[in-house]
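with the sequence up front, the predicted model follows.
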Amino acid sequence: MTATAAPSRIEAEVLRIRALMDGRQFASALGAAQNLLAEVPENRDLLYMAAVCQRFGGRVDDALATLARLERAHPTYSRLFQERGHCQVAARDPGAALEAYRRAVNLNAALPGSWKALEVLYRAAGRTADAASAAAEVAKLASLPAAVVTATSLFADGELPLAERVLREFLRAAGNQVEAMRLLAQIDITQDALDEAEWLLDGILRIAPDHQHARLDLVRVLLQRQHDARALEEAGKLLAADSGNRDFRAVHATALVALGRDEEALREYRALVAEAPQAAELHLSIAHALKTLGRRHEAIDAYRHAAAVRPGFGDAYWSLANLKTYRFADAEIARMRLAEADAATAAVDRYHLCFALGKALEDQGEFAESFAHYARGNALKKAQIRYEPAAIERAARRQMQVCTRGFLAERREFGCPRPDPIFIVGLPRAGSTLLEQILASHSLVEGTRELADIPRLVNQLQGRPSGESAEAYPRALVALTRAECARFGAKYLADTAVYRAGARHAKPFFIDKMPNNFRHLGLIHLILPKAKIIDARREPMACCFSNYKQLFASGQEFSYAIEDIARYYRSYVELMDHWNAVLPGRILQVRHEEVVRDLEGSVRRLLAFCELDFEPACLEYHKTGRSVRTASSEQVRRPIYPDGVDQWRRFEPWLGPLRAALGPLAAEAG
């Protein structure tokens, strides 16, 4: 159970049953649990408590049956395996007990009872080395504060709010304790509170600079936040401390990839996979790097190898589908179907497989079944995220209230005057990668990636999202001085330089393709008034459904429900209408369908807006050799083709809810 201010009736009854068990009133507790299970038959806590009560009542077979039922509903709950171990001990089956306890600690290493039982069972079996290892784990847990052990166990079983509460109460009383701080940082990472996690991990390293596990966590957080240069620096410190550590080497390679040094990363990944050929994730990393470099056939081989090494590896299959040009063989589809239907498949693999099957079946013309898999994948992903469309809409309204035409006109002399950046904004899957590839084919323009620098500045201005600070941005723009805007603009240029070719070889202009920057065009104008802004626009039905079919590596949480996607698109159009009104002539809207119909005319218009001379290479963008990191990487390496414009119509029978949710905007589709 999670901690809440006002427990529901079910939660209150669970607490009462737990109190009965604490008083060793197992028969009463079991009766109450079974009565409540009639209402909520898959409730994890009730099933677990019922099994415990049955064991204490001497009904071991019934307890094992209840645990089997619990496993079907909650296959990764560690305590069910610990309880199964207790039952097998009572049934005098040490082999089965040992296996159950091992599964328990593999899921949750903070179970002293399971480790103690393993020590006894290993010793009885004459496995002295294993017994010593189990004893060492017991001692390790005994050396930690009880609150940290409790919180670690709760975290492992997914009870994040309660684990966080335990840790915060402990830290308030005990002061800085590095393992508690590190676990709290891991909880923050899981909840995407990356700024808080980075702050905690930096704090640990100030207290204990040799805490390499905390430094490893920090590197991973820095990579998620796109603080890539610092991530590489910290990864270098890890390698200096232990150059043979595989985790340190892998994260160093990942930092190289983040900075566009893919060839160097490939060498590191390949050295690692030579030592551990069964590491499926390494094969996947190699494949991603090869895909980015445009080495398609090698990437496909590496993705297939990852799937072969770890059957049911959803990310490997989705990565193949995400090439957009790959076609699955019937045997591959059959393997995906089996893995997706397997009850033991983890949720993360399952939704990757659903999206991959959706694409595979779409390519085969099985549109009804394809849509069913897309819908299932989206539902599974949606269940794992927290997205509030109303918060996005409120933020857009605040932008319109603060960034009026008069407000921006009064500050037209603010900011850094350099014209280097070209921002491409809009929704994902709207043709922005194609526009980026066209512009990056020009001799004076450099393509980079979806840069996180503007969102990072927004977070800085926002402050922590609690209380009144939830609305600190964009109100904070009002207080910005001319000097601050100039400083922020200069810092943006300095921080993004690491993604360019270097001071001596950098081209005059570069592209920032972070799509969600459309929400921050007022800020961009204040700090970089000479920057060019391009709105990549796609017909609403096509754009929204393309997002629904896409499983993003991170972010874009609006895209996993039809209603959420439609609301986000509506908010985007409303906000872009506002920006065009308050920044007249500063934004070029480029419609994907028009680019497909008239490539040369669209290219000339695009280059003219960017004040660039026409170059024929921009029409042959597919021949430009550069790293491309988005889902459209393979598509922009081919000549333009019109077939993809209306692909959504194949699914029109199932898109009534999307059309209704878009309202008048859907009329653009005809």
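Sure thing, it's come through. Residues are numbered from 1 along each chain as shown.

count the neighbours of residue 426 for me.
25 (other C-beta atoms under 10 Å). In this view, the C-beta of every residue, glycine as well, is placed from N, C-alpha and C.

what of residue 570?
20.

can you tell me the element it falls in?
helix 562-582 (DSSP states H and E).

just the helices from the stretch 51-200 of the chain, written as ranges.
Along the stretch 51-200 of the chain, counting by DSSP state H, counting those that start in this stretch, helices occupy 60-73, 78-90, 94-107, 112-124, 128-143, 146-156, 160-174, 178-190, 194-207.

circling back to that earlier point, pLDDT of the helix holding residue 570, averaged?
Mean pLDDT, computed over helix 562-582, is 97.

next: stretch 18-37.
For stretch 18-37, mean pLDDT is 94.

contacts for that stretch, please.
Residues from elsewhere that reach stretch 18-37 (C-beta atoms under 8 Å, 6 or more residues apart in numbering): 10, 13-14, 16-17, 43, 45-47, 49-50, 52-54, 56-57.

so which strand or helix has residue 510?
Using DSSP H and E, residue 510 maps to strand 509-512.

let me fix that: residue 316
helix 314-321.

report the distance from the next helix-or-strand element following that helix to the chain centre.
Downstream of helix 314-321, the next assigned helix or strand under DSSP H and E is helix 330-341. Computed by C-alpha atoms, centre = their mean, to the nearest Å, the separation of helix 330-341 from the middle of its chain amounts to 25 Å.

spatially central residue for this structure, please.
In the chain, the residue lying closest to the centroid (C-alpha atoms, centre = their mean) is residue 554, at 3.1 Å.

does that one count as helix, strand or coil?
Three-state assignment for residue 554 (DSSP: H, G, I helix; E, B strand; the rest coil): coil.

what comes up buried for the helix holding residue 570?
562, 564-572, 575-576, 578-579, 582 (16 or more other C-beta atoms under 10 Å).

wait, which of these is closest to residue 413?
residue 582 (16.5 Å; C-beta to C-beta).

residue 406 versus that closest one, what's the distance?
Residue 582 sits 9 Å away from residue 406, going by C-beta to C-beta, to the nearest Å.

how about residue 550?
For residue 550 relative to residue 406 (C-beta to C-beta), the value is 39 Å.

next one: residue 667
As judged by C-beta to C-beta, residue 667 and residue 406 stand 33 Å apart.

run through the chain and note the low-pLDDT ranges.
Applying pLDDT under 70 to the chain flags residues 1-7, 464-471, 502-505, 625-639, 641-645, 669-670.

can you pull out the helices in the stretch 351-500 of the chain?
Using DSSP H, counting those that start in this stretch, the helices of the stretch 351-500 of the chain run over 367-382, 389-402, 405-410, 432-440, 453-462, 472-479, 482-496.

out of these, which is closest to residue 420?
Distance to residue 420, taken as C-beta to C-beta, is lowest for helix 482-496 among these, at 6.1 Å.

quick check: angle from that closest one to helix 453-462?
Here helix 482-496 runs at an angle of 140 degrees relative to helix 453-462 (axes from the mean of the first three to the mean of the last three C-alpha atoms, to 10 degrees).
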